[in-house]
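Asker: Turn this into a model:
(chains A and B)
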Amino acid sequence: MSRLYLVTGFLGAGKTTFLKNFLKMFSEKKVHVIVNEFGKEGIDGELLREVGAVLNEINNGSIFCSCRLDKFEEVLGEVLHTKPDIIVVEASGLSDPTNVKKILGQKDKFQNVDYMGSICLVDAVHFLKVYETAAVIKKQLHVSDMILLNKRDMVSQEQADEVRDKVRMHRPDIPIYATVHGRIQKGWMEKLEHISQEENGEVLQSADITLRKCLLYVKEDTALDILENFMKMIMDNTFRIKGFVRIQKEWYLISCVGNIFHAEKCTEKQEKEANILVVLSGYGLPVKKSMKRAMEWYPDVIEKVEYGS
Amino acid sequence: MTPKEILIQTLKHQETEQVAWVPFAGVHAGRLLGYTATEVLQDEEKLFQSLMEVNKLYKPSGQPVIFDLQVEAECLGCDLVWADNAPPSVSEHPLEGEEELITPCYCTIPTKESGRIPMILNVMKRMKEKVGKTTALYGLICGPFTLATHLRGNDIFMDMYDDEEAVEEFLTYCGAVAMKMADYYIEAGMDVIAVVDPLISQISSDHFKQFMSEPFSKLFAYIREKGAYSSFFVCGDATRNIEVMCKTNPDSISIDENVDLLAAKAITDKYNVAIGGNIPLTTIMLHGSQQDNMKFAVDLLDKIKNKKNLILAPGCDMPYEVPVENTIGIVQAIRETGSVREMLKNYVAQDDAIEVELPDYEHLEKPLVEVFTLDSATCAACTYMMGAANEAKKIFGEAIDMVEYKYTKKENIARCKKMGVPNLPSMYINGELKFRSLVPSKEELEEALRSVM
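Answerer: Residues are numbered from 1 along each chain as shown, chains lettered A, B, ... in the order given. So this is what the prediction gives:
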């Protein structure tokens, strides 16, 4: 039997950092990680290789395709052949995990899976903002069995309480633990031993058409501070910006959550990954307009912008 | 010749020995077996049983499997409000209020697993097996413009002026959704794909040509290529758009009582497109007697000399409460036109003569907006006309009065007559007809109100 954990959480909630901690709990075991993140960009996958678990990526070319379950089923099937002790599935931050129990409940396909539950990362800093705009958050909460209120150190007691109340409103029945840097304690895991295998009621599958993606192609000769200035003009209207850039001959991982810009030097990446930043946004965030303005201010930063997927 | 063959021959634009008959029994199908609208639109077994009852009682040449324009919208995240005796309506439009109209990712297009589609496909397959030989089955899909309005809300009417390019791109997406739905339904055995787009009656011919001609032409060509027949359903006063609709090349068009069938048929005949309609839903089917219904059908058939390319049908989705005997009367009138004509020759319809009092428009305390609708809960065109009025009410608050008169009530029918309301939906301000079958943009309505303040 392989024990399967599902990790959900909105964009930038800290799923990758959490995973690094989480996997350490299974250091003696044979672990497989299935990542479904950012489609072809596969950035999180890259970071995860450091942890040493076997990694499978689902790159179906579209981050909204929670509906593309066939691909997930295919990868899970392959993983099960290798009989791992533990399988951890990291869902895309925008995916709708509504049907996870239904899929895993197909005993003819997945008889060797013991579903341990879903751990949902909630970003204490940005939750209240994205809660209003992204319907998928409610769906993630809906299937969860444990909530980790992450980045607790970055918000006031008042805000932490407000986030907790909001989450409680949806799920008064499951434990919520406050944490920092995506840490999880062994004792918390015990709660997952007894989760119900029942489906969480019949929920119709629907898509969230308010989520948007665009790709920014960054020019190679852009200075980092100029890129930062450019990003600052659009960040308020995004959930997440992520990708590798090679500018002025240096490689950086750019990773912004909400209005916080973050860039760090990194090792050389594949050429095809270079200088493409994925920008994700949604309802109430007029990213197109702010992008236009930023391009007027900084006309030499961006080669081209591609909307849609 | 089976009833189905009559319809198919009509759609092939050939002469037929009898007129094809397609009762649009959507939620009304449920009533035949005592199920609510919500039950019949959500429960596979109840829907199937109800449709079989329709087939038995109304002997149709063609029959829709589900009449609910909200199926696609629900898959795309619209919140629906359900009712016992009407189809659901969209209560929350996911893209409404957004500053920018951005076309969603094509990966969000519904799959066979989305929303209620699995249930619908099952019922289609079962119907095909049971009655598919004798009855042509209609798969109804939500037309691109109505879907766009469901997703974007009343803002779409402003977008058509402010951001034409974004609207074109968005309608292409909605057209792609429609094509996908057509695929699923044709695969499940549907003979006719009806593209139901009531909102078409709410835009001008120029806007139609600018925004709709292309997506609709593509859609009908696609349906034909897939081997099915097509129909373009509108409701409301689409008179001005009949010709441009013909030019998108559907096999047939379906209209309601807001359009003069005779005049419209002259146009559709010119383009060799079949036309269906237009038995009045409320005054005749819902409130009339069985004789009224038979008489209407016989009179209509007598008026139309050239019966090639003609389908007799209700104007739109039949009201839930239509008395069974009324529809049966229509069936009788089609099958036995001669004897029914003879039977009714001395029949005079009763006039209910309800007295209504009109407001004293000359001496109103504040501007009065009166919206005359078929029913804003059930007719999409009416929903958005009412939506525009509600938006204005939010802005002007107590400074204006607003009222909706639904045609489903007898006294409102009398009021419409007394006011001389030409079409539904229509909006009056201080007793004067201001917007007739054209949903005003926010600015237009606000300006009209300010001018009388």
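
Asker: so who does B:Val356 touch?
Answerer: B:Val356 makes contacts with B:Glu411, B:Ala414, B:Arg415, B:Lys418, as judged by C-beta atoms under 8 Å, 6 or more residues apart in numbering or on different chains. Any C-beta I mention is one placed from the backbone N, CA and C, and that applies to glycine too.

Asker: mind running it again at 10 Å?
Answerer: B:Tyr405, B:Glu411, B:Asn412, B:Ile413, B:Ala414, B:Arg415, B:Cys416, B:Lys417, B:Lys418, B:Met419 (C-beta atoms under 10 Å, 6 or more residues apart in numbering or on different chains).

Asker: Quick check: the fifth one is in a helix.
Answerer: Same thing as B:Ala414. Yes. Assessed with DSSP: H, G, I helix; E, B strand; the rest coil, B:Ala414 lies in a helix.

Asker: How about it, nearest residue that isn't a chain neighbour?
Answerer: Spatially, and ignoring its direct neighbours in sequence, B:Ala414 is nearest to B:Ile354 (4.1 Å; C-beta to C-beta, 6 or more residues apart in numbering or on different chains).

Asker: I'd like to know how far that neighbour sits from chain A.
Answerer: Noted for B:Ile354: a distance of 43 Å to chain A, by C-beta to the nearest C-beta, to the nearest Å.

Asker: now swap in B:Asp163 and tell me
Answerer: Distance of B:Asp163 to chain A, computed by C-beta to the nearest C-beta: 11 Å.

Asker: Setting aside sequence neighbours, what's the nearest residue to that residue?
Answerer: Spatial nearest neighbour of B:Asp163, chain neighbours left out: B:Leu101 (6.0 Å); criterion: C-beta to C-beta, 6+ apart.

Asker: Count the residues that sit near that neighbour.
Answerer: Per other C-beta atoms under 10 Å in any protein chain shown, the neighbour tally for B:Leu101 reads 21.

Asker: For it, give me its contacts.
Answerer: A:288, B:95, B:148, B:151-152, B:155-156, B:158-159, B:162-163, B:165-167, B:169-170.

Asker: ok, so of the residues you listed, who is nearest A:Ala135?
Answerer: Closest approach between the contacts of B:Leu101 and A:Ala135, by C-beta to C-beta: B:Leu95, at 12.2 Å.

Asker: what sits against B:Ile253?
Answerer: For B:Ile253, the contact set (C-beta under 10 Å, 6+ apart) comprises B:230-234, B:238, B:241-242, B:245-246, B:259, B:264-265, B:267-268, B:271, B:273-277, B:309, B:311.

Asker: again, but for B:Gly143
Answerer: B:69, B:72, B:149, B:174-175, B:178, B:194-200, B:212, B:215-216, B:219, B:232-234, B:380 are the contacts of B:Gly143 under C-beta under 10 Å, 6+ apart.

Asker: Let me know the distance separating the closest residue to it other than its chain neighbours from B:Glu164.
Answerer: In this structure, B:Gly143 finds its nearest non-sequential neighbour in B:Asp197, 2.5 Å apart by C-beta to C-beta, 6+ apart. According to C-beta to C-beta, to the nearest Å, B:Asp197 and B:Glu164 sit 19 Å apart.

Asker: Just the buried residues out of the contacts of B:Ile253, in PyMOL syntax.
Answerer: Burial among the contacts of B:Ile253 is assessed by 16 or more other C-beta atoms under 10 Å in any protein chain shown; the matching PyMOL selection reads:
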select buried, chain B and resi 230+231+232+233+234+238+241+242+245+246+259+264+265+267+268+271+273+274+275+276+277+309+311
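
Asker: so of the contacts of B:Ile253, which ones are in helices?
Answerer: In this view, those that belong to helices under DSSP state H are B:Ile242, B:Met245, B:Cys246, B:Ala264, B:Lys265, B:Ile267, B:Thr268.

Asker: What number of residues are in the vicinity of residue 208?
Answerer: Here I'm looking at chain A. Neighbourhood size, A:Asp208 [other C-beta under 10 Å]: 23.

Asker: let's do chain B instead
Answerer: Per other C-beta under 10 Å, the neighbour tally for B:Phe208 reads 21.

Asker: can I assume it sits in a helix?
Answerer: Yes. Judged by three-state DSSP, B:Phe208 forms part of a helix.

Asker: Do I have it right that A:Val33 meets A:Val75?
Answerer: No. Between A:Val33 and A:Val75 there is no contact under C-beta atoms under 10 Å: 11.0 Å.

Asker: More neighbours: which of the two?
Answerer: Each of A:Val33 and A:Val75 has its neighbours counted (other C-beta under 10 Å); A:Val33 has more, 26 against 20.

Asker: Which neighbours in the sheet does the strand or helix carrying that one have, and how are they oriented?
Answerer: Assessed by DSSP states H and E, A:Val33 sits inside strand A:31-35. Using DSSP bridges, strand A:31-35 pairs in its sheet with strand A:54-57 (parallel), strand A:86-90 (parallel).

Asker: and the longest one, how far out from the chain's middle?
Answerer: Read it as strand A:86-90. When distances are taken as C-alpha atoms, centre = their mean, to the nearest Å, strand A:86-90 is centred 14 Å away from the chain's centroid.

Asker: How is chain B partitioned into domains?
Answerer: Here the domain parsing of chain B from automatic domain parsing is B:3-343, B:361-450.

Asker: Could you single out the most deeply buried of those?
Answerer: Scoring those by mean neighbour count under mean count of other C-beta atoms under 10 Å in any protein chain shown gives domain B:3-343 as the most buried, with a mean of 21.

Asker: what does the stretch 151-300 of chain A put close to chain B?
Answerer: Applying C-beta under 10 Å from any C-beta of the partner chain, one finds that the stretch 151-300 of chain A approaches chain B through A:204-214, A:237, A:281-289.

Asker: if you set the cut-off to 7 Å instead, what comes out?
Answerer: Residues of the stretch 151-300 of chain A lying close to chain B by C-beta under 7 Å from any C-beta of the partner chain are A:204-210, A:212-213, A:283-284, A:286, A:288-289.

Asker: ok now the longest helix anywhere in chain B, how far from the chain's centre?
Answerer: Secondary structure of chain B per DSSP H: the longest helix is helix B:164-187. With C-alpha atoms, centre = their mean as the basis, helix B:164-187 stands 19 Å off its chain's centre.

Asker: Next, name the residue at the spatial heart of chain A.
Answerer: In chain A, the residue lying closest to the centroid (C-alpha atoms, centre = their mean) is A:Gly93, at 3.3 Å.

Asker: That residue contacts A:Gly14, doesn't it?
Answerer: No. Using C-beta atoms under 7 Å, A:Gly93 makes no contact with A:Gly14, being 10.3 Å away.

Asker: any idea how chain A splits into domains?
Answerer: Following automatic domain parsing, chain A resolves into domains at A:2-194, A:212-307.

Asker: wait, B:Glu74 sits on B:Trp82?
Answerer: No. The pair B:Glu74 and B:Trp82 does not pass the contact test of C-beta under 7 Å, sitting 10.7 Å apart.

Asker: show me where the chain has strands.
Answerer: Went with chain A since none was named. The residue ranges that make up the strands of chain A, judged by DSSP state E, are A:2-9, A:31-35, A:54-57, A:86-90, A:113-123, A:146-150, A:176-178, A:212-218, A:240-247, A:250-257, A:263-265, A:276-281, A:302-307.

Asker: I was after chain B.
Answerer: Counting by DSSP E, chain B has these strands, from start to end: B:20-21, B:62-64, B:79-81, B:89-92, B:136-142, B:192-196, B:229-233, B:252-254, B:274-279, B:310-314, B:368-373, B:401-406, B:426-429, B:432-436.
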